[in-house]
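1. quick one, fold the following:
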Amino acid sequence: MTALVAVRALHFAFAIQAVGAVLFVWIVGRAAASAARPDQHVQRLLLRIAVVAAAGAILSGIAWLVLQAADMTEVGVVEAWTSGAVGGLLFKTQAGVIWWVRLALASTLLVDVGMLAWAARAPSPTAVAFAFLLAAATFVSGAWLGHAGADPSALRPLHLAVHAAHMFGVSLWVGGLLPLAVLLGRAPGADAAVVAARASVWFGNIALAAVILILATGLALAALAVESPAELTTGPFGRLLGAKIVLVLAMLVLAAKNRWQLVPLLAAANDPANATLPLSRSVMGELALAALVLVIAGALGITPPGASEG
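-> Modelled structure (predicted):
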């Protein structure tokens, strides 16, 4: 179970990072166009991050699939593979159909961002938009493998839609943290500092909208996931949910500080190259908290609400 939780969290991290990296390819293009000459080197770097993220999502997805089959059949990983449990999951279940779709999306994303990353020219807005849709679909389709996908009630379509929207918001916010940290780390050059400042403003606005979406859909998910409010506070599910809420609140504190204090200071600084350090440190702290949230999310997805200690 611990290995499954870790692999789920790792898969989420890779898939989210693919979304964030491609999102920042677009943000950097807009920021560079309005502040300085387009920086193809940064865009290529971000696309190569997306390549690594897409490859990681595929490998961790396969690992998740094998561990899930082993957990369902209560056998070891090797036996799950040799006994046909993995094949049964892939070819004889609804989850298998979802996995085929997700692996196809991730593979297409890997080829697409790979071609863009090593192309001679900067990617066009249309190409970036297509890559972003692939990345978002790869991550958001994971909603069909969680509590929403297993909901037997008539509210299942609503549950899935809300969960997908929640995951999309998470990918926009959390996925942008590492690319932003990369940009801020490159800021000593004058042009790079100006682009980083403009990109910080763009991402701050996107992250604000994402947080609003996350909070609204998070409340709806809590209501849809349980039959009674008591299930939200009892057993392992309640403890995991409580820990996740505390960590998200801490992230929100840092995000608010970034959005309304550090980003405006950076944008207004006469020397942006010397004003990036406080924001960079805050973003790294936010990223560390996000990593912990993803681990908890990996556990929540396989923990029934209201489950006993058993």
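2. neighbours of the residue lying closest to Leu224 once chain neighbours are set aside, how many?
-> Once its chain neighbours are removed from consideration, Leu224 has its nearest residue in His159; the separation is 4.7 Å (Cβ to Cβ, 6 or more residues apart in numbering). Every residue, glycine included, has its C-beta placed from N, CA and C. Residues near His159, counting by other Cβ atoms under 10 Å, number 23.
3. give the full set of residues in contact with His159.
-> Taking Cβ atoms under 8 Å, 6 or more residues apart in numbering as the contact definition, His159 lies against His147, Ala148, Asp151, Ser153, Leu221, Leu224, Ala225.
4. and if you look at Gly169?
-> The neighbourhood of Gly169, defined by Cβ under 8 Å, 6+ apart, consists of Ala210, Val211, Leu213, Ile214, Thr217.
5. helices or strands up against the lowest-mean-pLDDT helix or strand in the chain?
-> Every helix and strand in the chain was compared by mean pLDDT, DSSP states H and E; the lowest is helix 263-268, with a mean of 80. Of the remaining helices and strands, those touching helix 263-268 by 3 or more Cβ pairs under 8 Å, 6 or more residues apart in numbering; DSSP states H and E are helix 190-225, helix 277-300.
6. indicate which one of these is closest to Leu65.
-> When these are ranked by distance to Leu65, counting by Cβ to Cβ, first place goes to helix 277-300 at 14.5 Å.
7. what's in contact with the closest one?
-> Applying Cβ under 8 Å, 6+ apart, the external contacts of helix 277-300 come out as 4-10, 12-13, 16, 174, 177-178, 180-181, 184-185, 200, 236-237, 240-241, 243-244, 247-248, 250-251, 254-255, 257-258, 262-263, 265-266.
8. among those, which ones are buried?
-> Listed as buried from those are 4-10, 12-13, 16, 174, 177-178, 180-181, 184, 200, 236-237, 240-241, 243-244, 247-248, 251, 254-255, 257-258, 262-263, 266; burial here means 16 or more other Cβ atoms under 10 Å.
9. could you save the helices and strands packed on helix 263-268 as a markdown table and add columns showing mean pLDDT?
-> Output for the helices and strands packed on helix 263-268, formatted as a markdown table (pLDDT from 0 to 100):
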| stretch | mean pLDDT |
| --- | --- |
| helix 190-225 | 86 |
| helix 277-300 | 91 |
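10. for Ala164, find the nearest of those.
-> Smallest distance to Ala164 across the helices and strands packed on helix 263-268 (Cβ to Cβ): 8.9 Å, for helix 190-225.
11. okay, buried residues for the closest one please.
-> Of the residues in helix 190-225, those scored as buried under the neighbour-count criterion (16+ other Cβ under 10 Å) are 192-204, 207, 210-211, 213-214, 217-218, 220-221, 224-225.
12. show me what it is packed against.
-> With contacts defined as 3+ Cβ pairs under 8 Å, 6+ apart, helix 190-225 has these neighbours: helix 2-35, helix 156-175, helix 177-185, helix 235-257, helix 263-268.
13. got a markdown table for these, with distance to Ala106 too?
-> Conversion of the helices and strands packed on helix 190-225 to a markdown table gives the following (distance: least, Cβ to Cβ, whole Å):
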| stretch | distance to Ala106 |
| --- | --- |
| helix 2-35 | 8 |
| helix 156-175 | 14 |
| helix 177-185 | 19 |
| helix 235-257 | 25 |
| helix 263-268 | 32 |
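14. weakest of these in terms of mean pLDDT?
-> Of all the helices and strands packed on helix 190-225, helix 263-268 carries the lowest average pLDDT, namely a mean of 80.
15. how far away from the center of its chain is that helix?
-> Its chain's C-alpha centre lies 26 Å from the corresponding centre of helix 263-268 when counted by Cα atoms, centre = their mean, to the nearest Å.
16. show me the contact partners of it.
-> Taking contacts as Cβ under 8 Å, 6+ apart, the residues outside helix 263-268 that touch it are Ala196, Ala197, Arg198, Ser200, Val201, Gly204, Pro272, Ala275, Thr276, Pro278, Leu279.
17. dump the residues you listed to CSV, plus distance to Glu79.
-> As requested, the contacts of helix 263-268 are arranged in CSV below (distance: Cβ to Cβ, whole Å):
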residue, distance to Glu79
Ala196, 51
Ala197, 55
Arg198, 54
Ser200, 50
Val201, 54
Gly204, 50
Pro272, 57
Ala275, 57
Thr276, 52
Pro278, 52
Leu279, 50
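18. out of those, which is nearest to Gly96?
-> Proximity of these to Gly96 was ranked by Cβ to Cβ; the top entry is Gly204 with 40.7 Å.
19. how close does the closest one sit to Arg44?
-> Spatial separation of Gly204 from Arg44 under the definition Cβ to Cβ, to the nearest Å is 24 Å.
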